[in-house]
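J.: Give me the fold of what follows.
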Amino acid sequence: MNRFFTGKIDAKQTALLWTVAQIAAIWIVSDVGYYYLLPPLGAQPSYNDGSIAVTLYYAFWIGIAVIVFWPVYASWPQHGRRNTFENRLTSSLVWSLSFAGCLLFAAYVLPMLPSITWEKSWSPPEMVVATPWYFLPKSIDILFQQLLILALVLALAARPYGILRISIYCAVGFGAVHALLAFGDVPLGYVIRFMISAAAFGFIFPYLLLRVPNGLAYSYVVHWVYYALSVILPHIFLASSK
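T.: Now for the predicted structure:
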């Protein structure tokens, strides 16, 4: 019998489809809930104006992701080339430095950026006018996204697929879910830019998570730095053009 039609392969395919369906459901429900559930509860769906509420909201979804995908996360050492957090001292140092860098940027770098005077006829996206408080919920949101990406990467690795195929699937999936930004007050150009950038990062994340020691920390930092640069660059180029 052809090995592609054995019960073992079918079971792996079913497990993969179920995991992907759960990831998609959690991602879509959490994103739609951000725009339509928070306002009736009296909370602003804004990283700047409703930072505490949004932080708690995504902390809830982090808990859901950990609970739902715990068996998937437990398989991480089986699919990576290195044991997860094999050197706990180094892992703690990498994570601590990453955390400190995020705090220093939000507390000291962001307030020093040159101000921008926007045209009255155009309302810039929230990210471009980010305050230091913006990065509290955004940091939690990024961790939530990273946990979903990790679940997808591990589910694909268990199929098993090679790293290139996993990267392509993650690029397509991560890019596609950013179309949900269209539900918010985000210009179409920014939605397209985020979809393209997300696809590029989605291609990189699997390698970091499966092949690099402390890859989750590096994947998180790369993800976080993208938002930091998206805040910095308009302040530099638009302010200097005035």
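J.: Retrieve the pLDDT associated with the residue most central in space within the chain.
T.: When CA atoms, centre = their mean is applied to the chain, the residue found nearest the centroid is Gln145 (3.3 Å). At Gln145, the model reports a pLDDT of 94.
J.: What are the buried residues along the helix or strand where Val94 lies?
T.: Per DSSP states H and E: Val94 is located in helix 88-104. If you call a residue buried by 16 or more other CB atoms under 10 Å, then helix 88-104 has these buried ones: 91, 94-95, 98, 102. Just so you know, the C-beta spots here come from the backbone N, C-alpha and C atoms, and that holds for glycine as well.
J.: Identify the residues contacting Val20.
T.: Going by CB atoms under 8 Å, 6 or more residues apart in numbering, Val20 touches 152, 155.
J.: mind checking how far the helix ranked longest in the chain is from the chain centre?
T.: Using DSSP state H, we find that the single longest helix of the chain is helix 7-36. Remark: helix 7-36 is offset 16 Å from the chain centroid, using CA atoms, centre = their mean, to the nearest Å.
J.: which parts of it are buried?
T.: Those would be 16, 19-20, 22-23, 26-27, 30-31, 34, for helix 7-36 by 16+ other CB under 10 Å.
J.: Next: stretch 150-168.
T.: For stretch 150-168, a neighbour-count test (16+ other CB under 10 Å) marks 150-158, 161, 163, 166-168 as buried.
J.: quick check, nearest of the residues you listed to Pro111?
T.: Here the nearest of the buried residues of stretch 150-168 to Pro111, counting by CB to CB, is Leu150; it sits at 32.8 Å.
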